[in-house]
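Enquirer: Model the structure of this input:
(one chain, ligands or ions: 2)
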Amino acid sequence: MAKTKTAYFCQNCGTQHAKWMGQCGTCKEWNTIVEEVITKEEKSDWKIDTEPRKANVALKVKDIEIQNEVRYNAVSTELNNVLGGGIVPGSIILLGGEPGIGKSTLMLQVALSMKHKVLYVSGEESQTQIKLRAERVQNLNQDCLILTETNTQKIFKAIQIEQPEILVIDSIQTLHTDYVESSAGSISQIKETTTELIKFAKETGTPVLVIGHINKEGSIAGPKILEHMVDVVLQFEGDRNHTYRILRALKNRFGSTQELGIFEMRSGGLREVKNPSEILISKKDGDLSGTAISATLEGMRPLMIEVQALVSTAVYGTPQRSATGYNLKRLNMILAVLEKRAGFRLGAKDVFLNITGGISVDDPAIDLAVIVAVLSSNEDEPIPQNYAFAAEVGLTGEIRPINRVEQRITEAEKLGFEKIFISKFCKVSQKESNIEIIKISKIEDLVDMLF
Ligand code: TYD
Ligand code: MG
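Expert: Ligands and ions are numbered 1, 2, ... in the order given. As a prediction, this is how the structure comes out:
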């Protein structure tokens with residue numbers, strides 16, 4: 001029996017301390033240090049009976065052979081895109097997201113639709129529960145195996161028997177290894193079990209898809225080092241009250257982090273959304289004031305997003321400002337710019353802003369649509385539904401150019417918009433198109449044209 005040893009770990013950043021302290025010296029968080037039992041002597045390995053391994057030899061880059069260039073097709077095109085073209089053999093992919101957002105559903109759907117032998121290990125749900133979910137999402141891969149287990153040594157034993165081609169772990173926080181004595185979900189357990197999974201993935205070339213919980217700040221629970229250890233970090237986000245979910249890569253060793261996938265949560269599981277712009281724009285009869293459509297870019301993908309604003313007289317002394325899906329500070333800035341540059345007395349008005357579809361946007365190109373929506377509501381003057389906007393607004397009220405403007409114009413044109421308002425300083429090559437491009441340089445120009 002190995003001698004037990006304890007250490008103090010910060011549950012926020014994962015730093016190990018020699019003694020307990022009220023504040024972590026590294027991340028400066030209070031009351032996050034917890035004592036955990038560790039056994040130093042034994043070193044864990046994913047294999048049950050360790051055989052002596054050969055030492056690796058250094059090779060010249062040109063001499064390194066790429067054997068498994070092929071990527072596993074994750075079936076879902078959205079997931080394949082986000083991963084940069086499929087699952088790389090031997091890679092370890094971490095999927096984080098809020099509880100109930102659909103992480104388990106996504107992973108199970110992937111497991112069930114792949115043409116490979118997948119072992120889905122769950123520490124959160126029973127086999128019956130998973131079976132019920134599998135029936136709900138209905139694409140049965142006969143070779144998908146379900147295991148409920150949380151001990152990594154037992155998981156590896158099952159792997160040696162079943163020899164799966166792909167491993168799914170739901171979730172890393174439920175796993176524990178025999179070599180560390182602290183409870184599942186603690187920093188040392190997460191570190192150690194991840195290390196074991198990485199060793200397993202690299203040595204066998206089996207890709208491992210791992211679900212991770214997130215903490216209240218929105219980052220993956222456990223040590224930050226976890227994100228450094230894995231090859232790909234994916235985040236599944238969205239508003240639980242809406243059906244749309246966005247999958248994005250925060251880190252990707254094998255592809256870009258610019259791609260994103262859009263899914264819709266239905267009663268029969270997640271469905272890919274091929275044409276998101278069409279759904280994100282709310283359908284309505286006739287023109288209503290207070291809405292404007294922005295041609296934004298989410299990652300590499302153009303998305304037409306509707307901005308809704310409501311401006312009303314403030315009932316209380318201090319006017320209220322609220323924004324859903326848009327940065328409130330930026331809204332305040334834009335209102336100040338409008339007050340100064342366009343002479344709108346918004347200081348005595350409540351302003352509410354909403355991005356439809358429950359998504360949040362940080363593309364600055366949405367600024368112009370925000371301004372138009374606010375002014376439209378303030379003036380009670382509807383904006384024609386076939387107008388789109390794409391520009392950033394500066395503090396002096398200037399309409400600034402944005403990147404990839406042509407891509408946005410093409411998307412707007414494809415969806416039947418007739419006019420798009422962009423900055424005068426955007427360079428657009430003149431070509432035959434059905435959309436009229438209106439270039440403006442100041443907020444005043446916009447006001448003259450629309451109101
Ligand atoms: P789940 O995958 O369990 O979330 P996570 O693993 O991220 O915690 O998803 C749970 C939610 O998804 C739950 O609120 C019900 C909903 N859901 C559907 O709407 N349709 C479905 O077909 C399934 C399986 C789940
Ligand atoms: Mg789950």
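Enquirer: Put the alpha carbons of the one helix or strand Q129 maps to into PDB.
Expert: Here Q129, judged by DSSP states H and E, is contained in helix 127-137. Listed in PDB are the C-alpha atoms of helix 127-137, where the atom choice follows Å, rounded to 0.1, in the frame of the first residue of the first chain:
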ATOM      1  CA  GLN A 127     -27.700   2.200 -19.700                       C
ATOM      2  CA  THR A 128     -31.500   2.300 -19.800                       C
ATOM      3  CA  GLN A 129     -31.500   6.100 -19.800                       C
ATOM      4  CA  ILE A 130     -29.100   6.200 -22.600                       C
ATOM      5  CA  LYS A 131     -31.100   3.600 -24.500                       C
ATOM      6  CA  LEU A 132     -34.200   5.800 -24.100                       C
ATOM      7  CA  ARG A 133     -32.300   8.800 -25.400                       C
ATOM      8  CA  ALA A 134     -30.900   6.700 -28.300                       C
ATOM      9  CA  GLU A 135     -34.400   5.800 -29.300                       C
ATOM     10  CA  ARG A 136     -35.300   9.400 -29.200                       C
ATOM     11  CA  VAL A 137     -32.600  10.400 -31.500                       C
END
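Enquirer: avg pLDDT for the helix or strand following that helix?
Expert: Counting by DSSP H and E, the next helix or strand C-terminal to helix 127-137 is strand 145-148. Averaged across strand 145-148, the pLDDT comes to 94.
Enquirer: mind checking the end-to-end distance for stretch 207-224?
Expert: 21 Å (C-alpha to C-alpha, to the nearest Å).
Enquirer: which bits of this protein sit near ligand 1?
Expert: Residues of the chain that fall close to ligand 1, judged by C-beta under 6 Å from any ligand atom: 97, 99-105, 133, 136-137, 265, 267-269. (Each C-beta comes from the backbone N, C-alpha and C, glycine too.)
Enquirer: same thing but 8 Å
Expert: With C-beta under 8 Å from any ligand atom as the criterion, the chain comes near ligand 1 at residues 97-108, 124-125, 133, 136-137, 170-171, 211, 236, 240, 243, 265-270.
Enquirer: Buried ones from those, can you make that a ChimeraX selection?
Expert: Filtering these down to the buried ones (16 or more other C-beta atoms under 10 Å) takes a single ChimeraX command:
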select :97,98,101,102,103,104,105,106,107,108,125,133,137,170,171,211,236,243,265,269,270
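Enquirer: on that earlier part again, off-centre distance for the helix holding Q129?
Expert: How far helix 127-137 lies from its chain's middle: 25 Å, per C-alpha atoms, centre = their mean, to the nearest Å.
Enquirer: How about stretch 410-430?
Expert: 28 Å.
Enquirer: which residues are in contact with it?
Expert: 277-278, 281, 293, 295, 302-304, 368, 372, 384, 386-392, 399-402, 405-406, 408-409, 433-441, 446 (C-beta atoms under 8 Å, 6 or more residues apart in numbering).
Enquirer: just stretch 25-33 next, same as before
Expert: 8-13, 15, 17, 20-24.
Enquirer: go again using 10 Å as the cut-off
Expert: Under the criterion C-beta atoms under 10 Å, 6 or more residues apart in numbering, residues 8-17, 19-24, 187, 224 lie in contact with stretch 25-33.
Enquirer: filter those residues to the buried ones?
Expert: 8-16, 24, 187.
Enquirer: buried residues in stretch 246-262?
Expert: Within stretch 246-262, judged by 16+ other C-beta under 10 Å, the buried ones are 246-249, 252, 254-255, 257-262.
Enquirer: from those residues, which two are the most distant?
Expert: Greatest spacing in the buried residues of stretch 246-262, by C-beta to C-beta: F254 and I262 (21.1 Å).
Enquirer: beta partners for the closest residue to S122 other than its chain neighbours?
Expert: Spatially, and ignoring its direct neighbours in sequence, S122 is nearest to D170 (4.5 Å; C-beta to C-beta, 6 or more residues apart in numbering). Assessed by DSSP bridges, D170 has beta-bridge partners S122, I211.
Enquirer: So which of the residues of the chain next to ligand 1 sit within helices?
Expert: In this view, the residues of the chain next to ligand 1 that belong to helices under DSSP state H are 103-108, 133, 136-137.
Enquirer: okay if I get the residues you listed as TSV plus distance to C426?
Expert: Putting those into TSV (distance: C-beta to C-beta, whole Å) gives the following:
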residue	distance to C426
K103	39
S104	44
T105	41
L106	37
M107	41
L108	44
R133	47
R136	47
V137	44
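Enquirer: Just the CA trace of the longest helix along the chain, in CSV.
Expert: Criterion DSSP H: the longest helix present in the chain is helix 187-204. C-alpha atoms of helix 187-204 as CSV (Å, rounded to 0.1, in the frame of the first residue of the first chain):
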residue,chain,number,x,y,z
ILE,A,187,-8.5,18.9,-9.5
SER,A,188,-6.1,16.0,-9.0
GLN,A,189,-8.6,13.4,-10.3
ILE,A,190,-9.3,15.5,-13.4
LYS,A,191,-5.6,16.0,-14.1
GLU,A,192,-4.8,12.3,-13.6
THR,A,193,-7.7,10.8,-15.5
THR,A,194,-7.1,13.2,-18.4
THR,A,195,-3.5,12.2,-18.5
GLU,A,196,-4.5,8.5,-18.7
LEU,A,197,-6.9,9.2,-21.5
ILE,A,198,-4.3,11.2,-23.4
LYS,A,199,-1.8,8.4,-23.0
PHE,A,200,-4.4,5.9,-24.2
ALA,A,201,-5.3,8.1,-27.2
LYS,A,202,-1.7,8.7,-28.3
GLU,A,203,-0.6,5.2,-27.9
THR,A,204,-3.5,3.5,-29.6
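Enquirer: That helix - contacts with which helices or strands?
Expert: Other elements packing on helix 187-204 under the criterion 3 or more C-beta pairs under 10 Å, 6 or more residues apart in numbering; DSSP states H and E are strand 5-10, strand 16-17, strand 33-38, strand 92-97, helix 152-162, strand 166-170, strand 208-213, helix 225-229.
Enquirer: tell me which residues of that helix are tucked away?
Expert: By 16+ other C-beta under 10 Å, the buried positions in helix 187-204 come out as 187-198, 200-201, 204.
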